[in-house]
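Asker: Got a predicted structure here, sequence first:
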Amino acid sequence: MRVRATVAYDGGPYHGFVPNEGVRTVAGDLNAALSRVVGTTVVVTCAGRTDRGVHAVGQVVSFDAPDDSDLDRIRRSVNRQCGPSLVLRDLERSGDGFDARFTATGRTYRYQVLNRQDPDPFLAATAWHIVDPLDVPAMQSAADHLLGEHDFTSFCRRSKVAPGVAVPTLVRRIETAEWWGPDDAGLLEFRITAAAFCHQMVRSIVGTLVDVGRGRRQVGDVPGMIEARDRQAAGEPAPPHGLTLWSVRYPDD
């Protein structure tokens, strides 16, 4: 049977999601734990391939398991093996055609920025600490320029492709891009939703918007960055530890 599961993890201990020989990855740990429980080889497919250090609250994976599998037992056993850094939040049987990646219609990421003089030890692993004052209204105005469909080449790390293979499109449609806060503790949250994102796109967007907030770039610079279609035109990626894959949307949700 095809199984759909929601996965939460602290990205700090992992070298990204995708299996990688010689280093610890989310899929590597998850595949091993699931295979031990069900007694056959399991390979998960994920909704979003998070980079090294990136967290998830609502990552979704799909995999095949024997028809007589006890899903509650699988969840408990995997969580004993992998928790607390990696936890299966729920499992359910899905249709045979369900694929965590290709069935998804939207993904939402959250990025946290702690904007105050002093750091917070309890947020150090999940928020980018910035001492410089940030102009949040300017950051939101800059984010508004990203809404809609654009070629995001300036904000994406290009993937290597074999000779003769077509370069994948970097055109994406941003549905929402909003800054929330700061709260009384100085914590800001950026939330962005699209059908899909390209490599390092969200972190590059956040890094650029923070440059605007610091006064290093202007709100009106953003349309030119998009038009340039040149990675050097936009800001450096924000650190990975502030980013969390928050949720994934599917047609039946």
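Answerer: Arrived safely.
Asker: what are the ranges of the strands in the stretch 151-253 of the chain?
Answerer: With DSSP state E, counting those that start in this stretch as the definition, the stretch 151-253 of the chain shows strands at residue ranges 171-180, 187-194, 243-249.
Asker: The stretch 1-150 of the chain too?
Answerer: Using DSSP E, counting those that start in this stretch, the strands of the stretch 1-150 of the chain run over 2-9, 45-46, 55-64, 86-93, 106-115, 128-130, 148-151.
Asker: can you list the weak-confidence ranges in this structure?
Answerer: Confidence mapping of the chain against pLDDT under 70 gives the ranges 161-162, 164.
Asker: okay, which residue of it is out on the far edge from center?
Answerer: Using Cα atoms, centre = their mean, the residue of the chain lying farthest from its centre is residue 68. It sits 32.8 Å away.
Asker: rewinding a little: go through the strands of the stretch 151-253 of the chain and name the closest to residue 83.
Answerer: Residue 83 lies closest to strand 243-249 among those, at 17.7 Å (Cβ to Cβ). Using the backbone N, CA and C atoms, a C-beta is placed for each residue, glycine as well.
Asker: what lines up beside that closest one in the sheet?
Answerer: Counting by DSSP bridges, the strands paired with strand 243-249 are strand 55-64 (parallel), strand 106-115 (antiparallel).
Asker: which residues in this protein form helices?
Answerer: Assigned by DSSP state H, the chain shows helices spanning 26-38, 71-82, 136-144, 201-214, 222-228.
Asker: Which of the ones you listed sits closest to residue 170?
Answerer: When these are compared (using Cβ to Cβ), the closest one is helix 201-214, at 8.3 Å.
Asker: contacts for the closest one?
Answerer: Outside helix 201-214, the residues that touch it by Cβ atoms under 8 Å, 6 or more residues apart in numbering are 51, 109, 111, 113, 128, 130, 132, 134-136, 138-139, 142-143, 146, 152, 154-157, 172, 177, 179, 190, 192, 217-219, 221-222, 225, 234-240, 242-243.
Asker: thinking again about what came up before, let's have the strands of the stretch 1-150 of the chain in TSV, adding distance to residue 28.
Answerer: As requested, these are exported to TSV (distance: least, Cβ to Cβ, whole Å):
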stretch	distance to residue 28
strand 2-9	12
strand 45-46	12
strand 55-64	13
strand 86-93	10
strand 106-115	22
strand 128-130	27
strand 148-151	34
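Asker: could you dump these to CSV with mean neighbour count and distance to residue 79?
Answerer: Listed next are the strands of the stretch 1-150 of the chain as CSV, based on neighbours: other Cβ atoms under 10 Å; distance: least, Cβ to Cβ, whole Å:
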stretch, mean neighbour count, distance to residue 79
strand 2-9, 21, 10
strand 45-46, 20, 18
strand 55-64, 22, 14
strand 86-93, 16, 5
strand 106-115, 22, 23
strand 128-130, 19, 29
strand 148-151, 14, 40
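Asker: With residue 186 as the reference, name the closest of the ones you listed.
Answerer: Per Cβ to Cβ, nearest to residue 186 of the strands of the stretch 1-150 of the chain: strand 106-115, 4.9 Å.
Asker: how far off strand 187-194 does that closest one point, in degrees?
Answerer: Here strand 106-115 points in a direction 160 degrees away from that of strand 187-194 (axes from the mean of the first three to the mean of the last three Cα atoms, to 10 degrees).
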